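Novice: Show me how the following folds:
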Amino acid sequence: MSNIFWRHRHLLHVGDKVCIRIDPFFPKPETGYPIGTIGEIVGFTIKSVCRTNTYDSLPPGIYLCPDWPFVRFDAGIVCNIPANSLELLDKIEYEKRLKQSCEEWPHNSSPHSTFVSDLPDTKIWEGDIVRPKYIQPKRVKPGSIPDLPDAYMVTWISFGRPGEITESLGDVPNFSIGDRFMQKSENNWSGSHLELVERGNFWRRAHGESPIFRDLEEESFWAWLVNEVECLPAPQKQLKPWEKDYLSDLSPEVQLREKAKWYNEEAALSCIRDGSGHGIMTHHTFADIYDSTPYEWYNVIRFKNEDLGQRVVEATLNGFRVPSPDYIDDKKS
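Specialist: Below is the predicted model:
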């Protein structure tokens with residue numbers, strides 16, 4: 001049976017009687033309530049999926065977040081509690097839901113995501129070029145747009161976080177600004193403190209206009225942002241026990257995405273030389289969840305746009321790397 005950790009959050013419903021338990025997967029976090037405290041699930045928080053999201057296949061919008069139920073306790077207090085810290089009192093019903101979930105979704109991909117609404121209507125979008133009205137950022141420098149030396153790009157818009165009350169997503173969004181998407185940015189900017197200077201590529205794309213790029217770095221990363229690339233599966237490596245367990249519970253599509261991380265740089269370059277790949281994306285991470293030693297891993301990617309792909313091939317063989325989401329160029333920030 002698939003690992004319950006990945007599906008437990010989808011087995012809890014509004015109206016369920018639950019009790020506080022020790023989270024079996026991450027036992028350290030505390031809820032503030034004694035183990036065994038009984039309550040009732042009265043709702044769920046919501047999460048935003050932004051236009052610049054590259055880790056989720058969901059379209060931009062607001063969705064229910066099953067990870068953080070609202071629980072009303074006997075004293076009438078309603079709190080957010082992590083789903084894995086809750087246990088359904090009706091054990092028979094829980095086993096019934098678990099069996100049905102495993103039959104309908106045999107792998108640990110998310111069973112469903114409930115759409116709530118479109119993203120809040122903002123005058124400024126991700127990728128737009130803006131100018132601060134009152135004060136200047138302290139941690140980032142203006143962008144590299146020749147005609148707009150004092151302007152910045154909106155690199156992210158936060159519409160709220162899972163765990164916050166629903167109403168928080170209706171507040172003024174939080175904007176991050178910087179030079180460009182894959183470089184250092186500064187957050188906590190209100191839209192009312194930013195002047196729109198020029199529309200960016202997300203807005204252009206949504207309104208039928210062609211995107212505009214400053215260089216190959218920006219153009220190749222844009223393709224990643226809008227999911228117009230595919231990652232090539234990497235050669236098999238020697239798996240650690242926890243990796244085998246983790247992979248066995250994933251859908252074939254997600255397994256492929258995970259295995260795409262197993263290239264070393266020379267193997268990645270071989271794929272460029274033999275024509276199977278267009279570009280290389282370098283990531284910086286840790287060896288695994290038990291090892292804090294940093295290391296690099298590589299994606300070999302193909303672009304759906306063959307013309308872009310061939311330009312990236314030529315550049316890659318001369319040292320170019322497609323920027324990764326964790327990439328920061330300190331020389332320009």
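
Novice: From here on, just use CA atoms for contacts and neighbour counts.
Specialist: Will do.

Novice: which non-adjacent residue is nearest residue 301?
Specialist: Distances taken as Cα to Cα, 6 or more residues apart in numbering put residue 231 closest to residue 301, at 4.5 Å, once the chain neighbours are dropped.

Novice: From residue 272, how far out is the one you found?
Specialist: Residue 231 sits 13 Å away from residue 272 when distances are taken as Cα to Cα, to the nearest Å.

Novice: still on that earlier bit, number of nearby residues for the residue nearest to residue 301?
Specialist: Using other Cα atoms under 10 Å, residue 231 has 20 neighbouring residues.

Novice: Just give the number of residues close to the closest residue to residue 126 other than its chain neighbours.
Specialist: Nearest residue to residue 126 in three dimensions, chain neighbours excluded: residue 154, at 5.1 Å (Cα to Cα, 6+ apart). Residue 154 has 28 neighbours, counted by other Cα under 10 Å.

Novice: got a list of what residue 154 touches?
Specialist: By Cα atoms under 8 Å, 6 or more residues apart in numbering, the contact set of residue 154 is 125, 126, 127, 128, 129, 130, 175, 176, 177, 178, 180, 181.

Novice: Is the residue nearest to residue 301 in contact with residue 300, as I believe?
Specialist: Yes: counting by Cα atoms under 8 Å, residue 231 does reach residue 300; the two are 5.8 Å apart.

Novice: these two touch, right, residue 80 and residue 73?
Specialist: No: counting by Cα under 8 Å, residue 80 does not reach residue 73; the two are 11.0 Å apart.

Novice: Now do the residue lying farthest from the centre of the chain against residue 40, distance only.
Specialist: With Cα atoms, centre = their mean as the measure, the chain has its most outlying C-alpha, relative to the mean C-alpha position, at residue 75: 36.5 Å. Note on residue 75: its distance to residue 40, by Cα to Cα, is 11 Å.

Novice: Same question for residue 74.
Specialist: Taking Cα to Cα, one finds residue 74 at 9 Å from residue 40.

Novice: Can you tell me the number of residues neighbouring residue 148?
Specialist: With other Cα under 10 Å as criterion, residue 148 counts 15.

Novice: quick one: pLDDT of it?
Specialist: On pLDDT, residue 148 comes in at 82.

Novice: Could you do residue 57 as well?
Specialist: Residue 57 is given a pLDDT of 67.

Novice: where does residue 214 land in three-state SS?
Specialist: Per DSSP: H, G, I helix; E, B strand; the rest coil, the secondary structure class of residue 214 is coil.

Novice: ok, it - contacts?
Specialist: So residue 214 contacts residue 145 (Cα under 8 Å, 6+ apart).

Novice: more crowded one of residue 74 and residue 40?
Specialist: residue 40 (20 against 11).

Novice: isn't that one right up against residue 20?
Specialist: No: counting by Cα under 8 Å, residue 40 does not reach residue 20; the two are 10.8 Å apart.

Novice: on that earlier part again, got the phi/psi numbers for the residue nearest to residue 301?
Specialist: Recorded main-chain torsions at residue 231 are phi -100, psi 130, according to degrees, to the nearest 10.

Novice: tell me the phi and psi of residue 315?
Specialist: Dihedral angles for residue 315 - degrees, to the nearest 10 - are phi -70, psi -40.

Novice: For burial, what's the neighbour tally of it?
Specialist: For residue 315, the neighbour count with other Cα under 10 Å is 16.

Novice: in what helix or strand does residue 218 lie?
Specialist: helix 216-225 (DSSP states H and E).

Novice: Can I get that helix in PDB, CA atoms only?
Specialist: Taking Å, rounded to 0.1, in the frame of the first residue of the first chain, the C-alpha atoms of helix 216-225 are listed here in PDB:
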ATOM      1  CA  LEU A 216      19.300  33.900 -24.100                       C
ATOM      2  CA  GLU A 217      19.400  33.600 -20.300                       C
ATOM      3  CA  GLU A 218      16.100  35.200 -19.800                       C
ATOM      4  CA  GLU A 219      14.500  33.500 -22.900                       C
ATOM      5  CA  SER A 220      15.600  30.000 -21.800                       C
ATOM      6  CA  PHE A 221      14.400  30.500 -18.200                       C
ATOM      7  CA  TRP A 222      11.100  31.800 -19.400                       C
ATOM      8  CA  ALA A 223      10.500  28.500 -21.200                       C
ATOM      9  CA  TRP A 224      11.100  26.800 -17.900                       C
ATOM     10  CA  LEU A 225       8.600  29.100 -16.100                       C
END
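
Novice: what comes up buried for it?
Specialist: Using 16 or more other Cα atoms under 10 Å as the test for burial, helix 216-225 gives 218, 219, 220, 221, 222, 223, 224, 225.

Novice: Could you list the low-confidence segments of the stretch 51-200 of the chain?
Specialist: 53-57, 106-112, 143-144, 160-172, 182 (pLDDT under 70).

Novice: how about 90 then?
Specialist: For the stretch 51-200 of the chain, residues meeting the criterion pLDDT under 90 lie at 51-68, 74-77, 79-85, 98-122, 134-150, 155-174, 176, 178-192.

Novice: which one of the contacts of residue 154 has the most neighbours?
Specialist: Busiest of those [other Cα under 10 Å] is residue 177, holding 33 neighbours.
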